[in-house]
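Novice: heads up, no residue letters with this:
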Ligand code: ACM
């Protein structure tokens, strides 16, 4: 069995030090193999100008050294959303940090709303990587859920668990993810933030209800709309390797791509 966790909290806009402290404190009781944190959870979300974004280069940033230490101390893989600086470009990214110090970065493919003013569209594409114990995980970020191709690609690549750091502002994702997990027969962990974040004339309310779903789309745990919480469930990730839905049907092998229009 494999322990998977979701952390829901309220980052403070523009205060990476505070947010890192919160993460450390909220994860102090963590006993897990894999924990997922929200999108942009070091920087906050509602920007008016790109110079407000305290972005990290994961190869050189001290914040990432601290996160690697945390992953090692807790003996848990950590997936979190962060603002990434690469040269003069900013990306809305997520990182998989493993207890052995290995790191993988995914850059958000489908930017949402005003993110397009500040971030470059992701250029990594979707990929699968190994978390603690060799479990294959895929990453997608928030609005990527709206495009079924995101999770389908990850499942075709062999993801057993889809890690989904989010800052959700619309009401549909949590329910829609049941279908994404069911149609792909993969576990999913959506880590959403809570609270209202205001910056000048801009303001967003985030919907909480972070959740861990089973490979049949069942809710294993769903958190409240407004409280900071860490939750853990036990799963068998190998169930996601079996795509059969009847002795005659397999949700991946039965596909008929020659009849689909995908572009
Ligand atoms: C979103 O993609 N943050 C809604």
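Specialist: Happy to help now that I have it. As the structure is a prediction and not an experimental result, all values here were calculated from the model.

Novice: residues in this protein within reach of the ligand, list them.
Specialist: 39, 112, 142-143, 167-169 (Cβ under 6 Å from any ligand atom). C-betas here are computed from N, CA, C, even on glycine.

Novice: Go through those residues and flag which are in helices.
Specialist: In helices, judged by DSSP state H, none of the residues of the chain next to the ligand are found.

Novice: and which of those residues is nearest to residue 132?
Specialist: residue 39 (21.8 Å; Cβ to Cβ).

Novice: residues contacting that closest one?
Specialist: Residues near residue 39 by Cβ atoms under 8 Å, 6 or more residues apart in numbering: 45, 81, 92, 94, 141-142, 165-167, 193.

Novice: out of these, who's nearest the ligand?
Specialist: residue 142 (3.1 Å; Cβ to the nearest ligand atom).

Novice: What residues of stretch 196-204 count as buried?
Specialist: 197, 199, 204 (16 or more other Cβ atoms under 10 Å).

Novice: Could you dump these into TSV with secondary structure added?
Specialist: As requested, the buried residues of stretch 196-204 are exported to TSV (DSSP: H, G, I helix; E, B strand; the rest coil):
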residue	secondary structure
197	strand
199	strand
204	strand
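
Novice: just the strands in the stretch 1-150 of the chain please.
Specialist: Along the stretch 1-150 of the chain, counting by DSSP state E, counting those that start in this stretch, strands occupy 2-8, 34-36, 77-86, 89-97, 103-107, 128-130, 136-139.

Novice: Strand 103-107 and the fourth one, what's the angle between them?
Specialist: Regarding strand 89-97 and strand 103-107, their directions subtend 140 degrees when assessed with axes from the mean of the first three to the mean of the last three Cα atoms, to 10 degrees.

Novice: from here on, count from 36
Specialist: All set: I'll call the first residue 36, so the last point we hit is now strand 124-132.
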